[in-house]
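Chemist: 3D, please:
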Amino acid sequence: MTTTTSTRAPRLLVIAGSARIGSLNRQLADLAARRAQALGAETTVVDLRSLELPVYDEDWAQAHGKPAGARRLRDLFAEHDGLILSSPEYNALPTPLFINSFDWLSVIPAEDGKPSGTGATGGKPVGLLAASPGALGGIRALPIVRTYLSTNFAMVVVPEQLGLPLADQQLASPDRLAKPELDAALDRVVASVVKQARWRIAGA
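Modeler: Sure thing, here's the model as predicted:
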């Protein structure tokens, strides 16, 4: 049977807001990606640090043009149907790496037949995760991330989310979280994003 737009597999971006070696949020994002694949989705992991984006500065942009990494991020969103984001908190806020990358994305214009940065994200589902070795699991930053993505990028942030406390202990296995109830919560976030992405494809 020939694959049509309405029956093709959802394509999801998977992004961690931390790029350090051994990042707990990278590990959680990778685990979520495997869960999405088990549900029939295709996933693409994006390393925000590899985009090599300078600190957002409009004067810099006027002098040098919009950075290639921001256009690359726009292109990735244009090619995918949704996002799974694992965003840690720094001082109860989203990470500078995440915010800076998406701030650059927001100013990419429509060009050469491609959408603007916000045009590439609009209407697409996103599931929010956070991981922390602390007791709160990064949960304090997620309401800010939810508002940021829904308001500025018109993304559909699914209601399910997971703040993973004591993540260094919970991520002891590459296949599942140590506590079954947290593992089940991760499944619910991923399943909700995949379902929303399928609905979006079917309605295209």
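Chemist: For beta bridges, what are the partners of the residue nearest the centre of the chain?
Modeler: Within the chain, one residue has its C-alpha closest to the average C-alpha position: by Cα atoms, centre = their mean, that is Leu85, at 2.9 Å. With DSSP bridges as the criterion, the beta-bridge partners of Leu85 are Ile15, Leu128.
Chemist: So it sits against Ala130, correct?
Modeler: No: between Leu85 and Ala130 no contact is recorded; they are 9.1 Å apart, counting by Cβ atoms under 8 Å. From N, CA and C alone the C-beta is placed, and that goes for glycine too.
Chemist: Let me see the contact set for Pro165.
Modeler: Under the criterion of Cβ atoms under 8 Å, 6 or more residues apart in numbering, the neighbours of Pro165 are Ser132, Gly134, Ala135, Leu136, Gly137.
Chemist: Flag every buried residue along whatever helix or strand Phe77 lives in.
Modeler: Phe77 belongs to helix 68-79 when elements are defined using DSSP states H and E. Within helix 68-79, the residues that qualify as buried are Gly69, Ala70, Arg71, Arg72, Leu73, Arg74, Leu76, Phe77, counting by 16 or more other Cβ atoms under 10 Å.
Chemist: just those now: which is nearest Trp199?
Modeler: Phe77 (18.0 Å; Cβ to Cβ).
Chemist: Return the distance of that closest one relative to Asp47.
Modeler: Relative to Asp47, Phe77 is positioned 15 Å away (Cβ to Cβ, to the nearest Å).
Chemist: Spatially, and excluding backbone neighbours, which residue is closest to Arg35.
Modeler: Ranked by Cβ to Cβ, 6 or more residues apart in numbering and with sequence neighbours excluded, the top spatial neighbour of Arg35 is Val190, at 4.4 Å.
Chemist: Tally up the residues packed near the one you found, please.
Modeler: Here the count is done by other Cβ atoms under 10 Å, and Val190 has 27 residues near it.
Chemist: Would you double-check that it falls in a helix?
Modeler: Yes: with the criterion set as DSSP: H, G, I helix; E, B strand; the rest coil, the secondary structure at Val190 is a helix.
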